[in-house]
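>>> What follows is a protein structure lacking sequence information:
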């Protein structure tokens, strides 16, 4: 078991989410930077998809009540164990009663913490993830919260792949496929989307990354009957400012989706700070049979 | 049917109307169950069905495009759910005025209408219920309420909806129910799943002694 002593701004339990329930209005949720969570799990000796902590912007602190192995990945930050500096992106073997402090990240937004055995709060619809949109899963963590850890893990791993990981997200470029509703926009709007550096807004969260920049003008007026939304959908609300849906996105929506960001590039958005320059690069074209 | 690409893992089937959505939803679920279709999510919308988590977009589009139109879903095929409703919503009088009737007239009209869950969304357990004629569509509030209580029965556009949990909301409130709409321990977790038939059953104002669902059946 571990005990949260300082939750910081927003620290949540995350795994790979609960896909498969969108037809009932249940968002997918799960870690925003999946490769970072998976790296942490690998370092801690866990199987894919074990639940860990997603720590947002301001760090957090916890105390161990058992001996465990911890790994910290994602947005690079200083890690203190009992007040002494400990390595980032490496397995840390901790005795019971250790205090761990995750400092605010130097760059990036979301730091991930995996524990050997994983965080084993009860599953809700097959996942332990906190869904900030619907409230499913455990609430965002508070001081004093105690989290049980699983009993099954492998020997911790030291990986060469930890080197060479990205540490700056001031300017990011996201691969997109146009559609399904790119025909609701003018050619100029498509050109603007592909030729502009948008700025990531302060109002971004786990539901979506809001962008500010030139408005995308519609070729078709009116409302779109509600339709299913995918992870990474670039939706354009009435104000013309695009928003990229992240893990806690609603399952249906009535504003047109001009393009979809490749899932492989979404971790870049998960780590970009407000004010970061966001560009789009077209990789896929129009859909079949249109 | 038009099939649109949605990124690299999904396709969107664009259909003529809600009846076609119903028929295709049943057909796609059947084909997935027998292994002819691989998709993690089959998500109906108002006029569309999203297939998300497909292995290959082009292959899936060709496959689905090659299937003939499914037989139309017959009327009154889904399970019937009766929802006891206490008609005391804040906007009931406004709805009556818009419909050119009185409050009793609204209740009578809704009680006589068999509704159907067209699709889900907005929040877990929220079903968009169709069945009201287009001329009774109610525009949403210009300024949404900050907090709508759980169980509120409301009209928005052409749909009837019931708030599964308290949330902000811009729909016109006509009444409330005590029925649990979403329970993560139930299978399925939502009461109102796509295709189910729904009747709103008026109950007397008994705030202290709510009528259980069974008693309304």
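Looks like it came in fine. None of the values given here were measured: they were computed from a predicted structure.
>>> middle-most residue in chain B, spatially?
Closest residue to the average C-alpha location of chain B: residue B:128 at 2.4 Å, with CA atoms, centre = their mean.
>>> wait, that residue sits on residue B:116?
No. Taking contacts as CB atoms under 8 Å, residue B:128 lies outside contact range of residue B:116: 9.6 Å. From N, CA and C alone the C-beta is placed, and that goes for glycine too.
>>> Could you verify that the residue nearest to the centre of chain B is part of a helix?
No. Per DSSP: H, G, I helix; E, B strand; the rest coil, residue B:128 lies outside any helix segment and is strand.
>>> Can you tell me how far it is from residue A:157?
Distance, residue B:128 to residue A:157, using CB to CB, to the nearest Å: 47 Å.
>>> what's the answer for residue A:276, then?
31 Å.
>>> got it, and residue A:16?
19 Å.
>>> do residue B:170 as well
As judged by CB to CB, residue B:170 and residue A:157 stand 51 Å apart.
>>> Looking only at neighbour counts, state which of these two leads.
For residue B:170 versus residue A:157, neighbours defined as other CB atoms under 10 Å in any protein chain shown are more numerous around residue A:157 (17 against 14).
>>> need the contact list for the more buried one.
Contacts for residue A:157 (CB atoms under 8 Å, 6 or more residues apart in numbering or on different chains) come out as A:42, A:43, A:45, A:91.
>>> Neighbour count, secondary structure and pLDDT added to the residues you listed, as CSV?
Formatted as CSV, these follow (neighbours: other CB atoms under 10 Å in any protein chain shown; DSSP: H, G, I helix; E, B strand; the rest coil; pLDDT from 0 to 100):
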residue, neighbour count, secondary structure, pLDDT
A:42, 23, helix, 94
A:43, 24, helix, 94
A:45, 20, coil, 94
A:91, 22, coil, 95
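>>> What are the boundaries of the helices in chain A?
A:34-44, A:187-195, A:266-271 (DSSP state H).
>>> Of all those helices, which one is nearest chain B?
Ranking the helices of chain A by proximity to chain B (CB to the nearest CB) places helix A:266-271 first, at 10.9 Å.
>>> what packs against that closest one?
With contacts taken as 3 or more CB pairs under 8 Å, 6 or more residues apart in numbering or on different chains; DSSP states H and E, helix A:266-271 sits against helix A:34-44, strand A:171-178.
>>> Can you say which of these is packed in most?
helix A:34-44 (a mean of 24; mean count of other CB atoms under 10 Å in any protein chain shown).
>>> Off-centre distance for that helix?
13 Å (CA atoms, centre = their mean, to the nearest Å).
>>> check contacts around the closest residue to chain B within the stretch 101-250 of chain A.
Chain B sits closest to residue A:228 of the stretch 101-250 of chain A, with a gap of 2.9 Å, by CB to the nearest CB. By CB under 8 Å, 6+ apart, the residues touching residue A:228 are A:22, A:251, A:252, B:12, B:41, B:43, B:44, B:45, B:48, B:49, B:50, B:52.
>>> same question, residue B:52
Contacts of residue B:52 by CB under 8 Å, 6+ apart are A:22, A:228, A:230, B:6, B:9, B:10, B:39, B:40, B:41, B:43.
>>> Let's see the ChimeraX selection covering just the buried ones among those.
Here is the ChimeraX command that selects the buried residues among the contacts of residue B:52 (16 or more other CB atoms under 10 Å in any protein chain shown):
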select /A:22,228,230 /B:6,9,10,39,41,43
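>>> List the buried residues in the longest helix seen in chain B.
Among all segments of chain B classified by DSSP H, the helix with the greatest residue count is helix B:18-33. Within helix B:18-33, the residues that count as buried by 16+ other CB under 10 Å are B:18, B:20, B:21, B:22, B:23, B:24, B:25, B:26, B:27, B:28, B:31.
>>> pretty sure the first one contacts residue B:46?
Yes. Using CB under 8 Å, residue B:18 and residue B:46 qualify as a contacting pair, with a distance of 6.8 Å.
>>> Now do the shared contacts for these two.
residue B:118.
>>> Can you spell out the domain ranges of chain B, please?
Each domain of chain B is listed here as a residue range: B:2-65, B:80-216, per automatic domain parsing.
>>> Can the last one be said to contact chain A?
Yes. Remark: domain B:80-216 sits within contact range of chain A at B:119-126, B:128, B:165, B:182, B:184, B:188-190, B:193-194, by CB under 8 Å from any CB of the partner chain.
>>> Just the buried subset of those residues, written out for PyMOL, thanks.
Buried subset of those, written as a PyMOL selection, criterion 16+ other CB under 10 Å:
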select buried, chain B and resi 119+120+121+122+123+124+125+126+128+165+182+184+189+190+193+194
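>>> Between its first and last residues, how far does stretch B:86-105 reach?
Taking CA to CA, to the nearest Å as the measure, stretch B:86-105 stretches 15 Å from start to finish.
>>> how about that stretch: buried residues?
B:86, B:87, B:89, B:91, B:92, B:94, B:95, B:96, B:98, B:99, B:103.
>>> residues contacting the fifth one?
For residue B:92, the contacting residues are B:103, B:106, B:173, B:174, B:175, taking CB under 8 Å, 6+ apart as the criterion.
>>> and which of these is nearest to residue A:203?
Closest to residue A:203 out of the contacts of residue B:92 is residue B:173 (28.2 Å), distances taken as CB to CB.
>>> so the spatially closest residue to the closest one that is not a sequence neighbour, which of the three states?
Nearest residue to residue B:173, sequence neighbours excluded (CB to CB, 6 or more residues apart in numbering or on different chains): residue B:89, at 3.7 Å. The three-state label given to residue B:89 by three-state DSSP is coil.
>>> any idea how far residue B:89 is from chain A?
22 Å (CB to the nearest CB, to the nearest Å).
>>> How much space separates that residue from residue B:167?
16 Å.
>>> doesn't residue A:210 make contact with residue A:241?
Yes. With contacts counted by CB under 8 Å, residue A:241 reaches residue A:210, the gap being 6.9 Å.
>>> what stretches of chain B score poorly on pLDDT?
Applying pLDDT under 70 to chain B flags residues B:73-77, B:205-217.
>>> which residues of it fall in helices?
B:18-33, B:57-66, B:92-99, B:103-111, B:213-216.
>>> Put together JSON lines for these, with distance to residue A:264 on each row.
Output for the helices of chain B, formatted as JSON lines (distance: least, CB to CB, whole Å):
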{"stretch": "helix B:18-33", "distance to residue A:264": "26"}
{"stretch": "helix B:57-66", "distance to residue A:264": "15"}
{"stretch": "helix B:92-99", "distance to residue A:264": "48"}
{"stretch": "helix B:103-111", "distance to residue A:264": "48"}
{"stretch": "helix B:213-216", "distance to residue A:264": "46"}
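>>> quick one, which of these is nearest to residue A:5?
Across those, closest to residue A:5 is helix B:213-216 (CB to CB), at 45.0 Å.
>>> returning to what we had before: give me the subset of the contacts of residue B:52 lying in strands.
A:228, B:6, B:10, B:41, B:43 (DSSP state E).
>>> Let me have those residues in a markdown table, adding distance to residue A:97 as columns.
Shown next, in a markdown table, are these (distance: CB to CB, whole Å):
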| residue | distance to residue A:97 |
| --- | --- |
| A:228 | 49 |
| B:6 | 50 |
| B:10 | 48 |
| B:41 | 44 |
| B:43 | 48 |
